[in-house]
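Visitor: turn this into a model:
(one chain, ligands or ions: 2)
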Amino acid sequence: TGSTRPQRILRAVQKNATRGDPCSVVKAIDDYCRHKEWAMNVGDEKGCIVDSVVSEVKPTAVLELGTYCAYSTVRIASLLSPNAKLITLEFNSDYAAIAREVIAWAGLQDKIQLVEGASGEWIPRLKEEFGIETFDLIFLDHWKDRYLPDTKLLEKCGLLRPGTVLLADNVICPGTPDYLDYVRNSQQYKSKFFKSHLEYTQEEDGLEKSVFLG
Ligand SMILES: O=C(NC/C=C/[C@H]1O[C@@H](Sc2ccncc2)[C@H](O)[C@@H]1O)c1cc([N+](=O)[O-])cc(O)c1O
Ligand SMILES: [Mg+2]
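Guide: Ligands and ions are numbered 1, 2, ... in the order given. Next up, the predicted model:
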């Protein structure tokens, strides 16, 4: 029984990144996934767009849907202000275990709350369990057919406020057509597409930034 891809990514972080240095963790994952084996991290090109949105929004409450190996979790959390918090939901316990190790290596445990479970089950519990009022920024990068139902669930649970930014990965590849149609045609959102490429490839992809108008 060999290692899994997430285990190999964690090993690359432990080998090449400096403990407590989030940027070196991000770089170690990008180097490994570009040169050794592809993995579904948002990656460096789209990651720069994520960085610019985080810097513009200056969020104090962030929700990430889909942790995987915590690449975007660490990238986003490294840009947050001292009192800001990021909650990340992960369904797969093997991925969650690796993600916790990557987050620890980056020294960001105090900013990040990793919740093991499905978004559909946990979104209705976030206010009560974590004292969340509304989120300032939501990063969607989990199962592509969950983007739309989870967005509607976030609305229903009162977790969005006028100005909340939803940033969605992979709106071109693999694609999230129903979500894109919704945020681009709903009067409740102001949506903007950021053209980019699928991580570590030349394939077309992009991020959709949608501001909830209330
Ligand atoms: O499929 C993709 N992402 C799905 C990601 C899913 C992640 O989120 C949870 S699912 C979940 C469910 C419910 N709640 C929380 C997490 C999975 O356990 C995984 O950690 C993907 C695929 C490609 N690609 O090129 O094929 C590129 C990408 O950037 C991608 O993000
Ligand atoms: Mg993705």
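Visitor: contacts, neighbours, all on C-alpha from now
Guide: Will do.
Visitor: so is stretch 200-214 next to ligand 2?
Guide: No: applying Cα under 5 Å from the ion, one finds stretch 200-214 out of contact with ligand 2, separated by at least 9.4 Å.
Visitor: so does that stretch get close to ligand 1?
Guide: No: contact of stretch 200-214 with ligand 1 (Cα under 6 Å from any ligand atom) is absent, the minimum separation being 8.9 Å.
Visitor: how about the secondary structure of E64?
Guide: Secondary structure, DSSP: H, G, I helix; E, B strand; the rest coil: E64 is strand.
Visitor: and it, how many neighbours?
Guide: 25 (other Cα atoms under 10 Å).
Visitor: residues from this protein in reach of ligand 2?
Guide: Neighbours of ligand 2 within the chain, by Cα under 5 Å from the ion: D141, D169.
Visitor: could you tell me which residues of the chain lie near ligand 1?
Guide: Neighbours of ligand 1 within the chain, by Cα under 6 Å from any ligand atom: 40-42, 65-68, 89-92, 118-119, 141-143, 170, 174.
Visitor: pull out the buried members of these.
Guide: Among the residues of the chain next to ligand 1, the ones that count as buried by 16 or more other Cα atoms under 10 Å are 41-42, 65-68, 89-91, 119, 141-142, 170.
Visitor: so which of the residues of the chain next to ligand 1 sit within helices?
Guide: Among these, the members falling in helices (DSSP state H) are S119.
Visitor: where's V25, which helix or strand?
Guide: For V25, the host element (DSSP states H and E) is helix 22-35.
Visitor: tell me what the helix or strand just after that helix is packed against?
Guide: Remark: after helix 22-35, the chain's next helix or strand is helix 43-57, criterion DSSP H and E. Judged by 3 or more Cα pairs under 8 Å, 6 or more residues apart in numbering; DSSP states H and E, helix 43-57 is in contact with helix 71-77, strand 189-197.
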